[in-house]
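1. what follows is a predicted structure for the sequence shown.
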Amino acid sequence: MSSAAQVGKTESTSAASRDLLSALAGHQAGRESVVAHRTRRVVSASWGLMQQQSEGRKIIRHRALAVCLMALLAVGPFIWLLTDDLIGGEHLADTPAQFSLLVCILCPALAAAVLVAGWMRRT
């Protein structure tokens, strides 16, 4: 090894030692507090964004549940009428039974189409 390489190595070692001693002595506290404040701001902003996304998912879930319940409330009487007609001895070829069956098939299909359209618009 040449003497210039040894001098460069000892200078870098002594500079690293000074930096280490300075950090241990607490002389770099200002630099660390700037990093800590920046990190705190980033974490706070990320937490706020995560809260907004969580609230958005809850709202979507509540709307979907409300639509399903409303569809069940709208279709429920027709299901009751259809089962009553079939148990009472009427046939599926009768007009009231056909209408009830049509409503029981169309209403949930329309509700599902509305839900899918809403979810597709959000993405």
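-> Sure, I can see it.

2. just how off-centre is the biggest helix by length in the chain within its chain?
-> In the chain, taking DSSP state H as the definition, the longest helix is helix 29-87. When C-alpha coordinates are averaged (C-alpha atoms, centre = their mean, to the nearest Å), helix 29-87 and its chain have centres 7 Å apart.

3. and that helix, what does it pack onto?
-> helix 95-122 (3 or more C-beta pairs under 8 Å, 6 or more residues apart in numbering; DSSP states H and E). Where C-beta positions appear, they are placed from N, C-alpha and C, glycine not excepted.

4. so for the helix it packs on, what's the average pLDDT?
-> Averaging pLDDT along helix 95-122 yields 80.

5. swap in stretch 18-37?
-> Computed over stretch 18-37, the average pLDDT equals 71.

6. endpoints of that stretch, how far apart?
-> 26 Å (C-alpha to C-alpha, to the nearest Å).
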